[in-house]
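>>> Pasted the sequence and its predicted model underneath.
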Amino acid sequence: MTKDKAFFTQKIQECENKIYRLSLGILRNEADAADAMQDAILKAWVNFESLRDRKSFDTWILAIVHNCAVEALRKRREWSDIDEYYDLAAEEGPLDRASKMTLWQAVEKLELPYRTVVVLFYYDGCSVKEIASVTASTAAAVRQQLARARKMLAAMLDRKDFEI
């Protein structure tokens, strides 16, 4: 497959929010997330010819983002709390802004890999199969991580914060 700049650019623009959310979900710092995002896009462009099926571009780029963010996390070796929270659930919905922020703060407290699977599944709408591909895991492991993450979130959150 030859490099198709227009296709690549269009696909990056289409999944820019997913890429950023995943990176931010792993790194919990906007500047580091942006850096990892840029590294991932560069790596994707350099390796674009290795993409066998253009229909799987989203999963392919998210796997690269995941790997870049995890590598940045390993290099950083220290965790810092994010100063400003990005409103990941910006779409109109039944929860008010305060509830969305409370939920995102709880998601941020989850350890890896639970935080990663929650961001990909609930915020980016990825399927269990896609998440397994991105994280180099199995679908069964992803389902188990999601179930555990839901239990952890339920323990952290007070239901009255989410009354509709």
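Looks like it arrived, so ask away.
>>> Show me what the helix ranked longest in the chain packs onto, helices and strands only.
Assignment by DSSP state H gives helix 57-76 as the longest helix of the chain. Helix 57-76 sits against helix 5-14, helix 16-27, helix 30-46, helix 128-135, with contacts defined as 3 or more Cβ pairs under 8 Å, 6 or more residues apart in numbering; DSSP states H and E. Where C-beta positions appear, they are placed from N, C-alpha and C, glycine not excepted.
>>> Please identify which of the ones you listed is closest to residue 157.
helix 16-27 (17.3 Å; Cβ to Cβ).
>>> burial count for residue 150?
With neighbours defined by other Cβ atoms under 10 Å, the count for residue 150 comes to 13.
>>> Kindly list the main-chain dihedrals of it?
Phi and psi for residue 150, reported as degrees, to the nearest 10, are phi -60, psi -40.
>>> Spit out the contact partners of residue 50.
Residues in contact with residue 50 (Cβ atoms under 8 Å, 6 or more residues apart in numbering): none are found.
>>> pLDDT score for the residue nearest the centre of the chain?
Most central in the chain under Cα atoms, centre = their mean is residue 22, positioned 1.9 Å from the mean C-alpha point. Listed pLDDT for residue 22 reads 89.
>>> What distance do you get for it to residue 142?
14 Å (Cβ to Cβ, to the nearest Å).
>>> Likewise for residue 105?
With distances taken as Cβ to Cβ, residue 105 is found 23 Å from residue 142.
>>> which one of those two has more residues nearby?
More crowded of residue 105 and residue 142, by other Cβ under 10 Å: residue 142, with 25 against 14.
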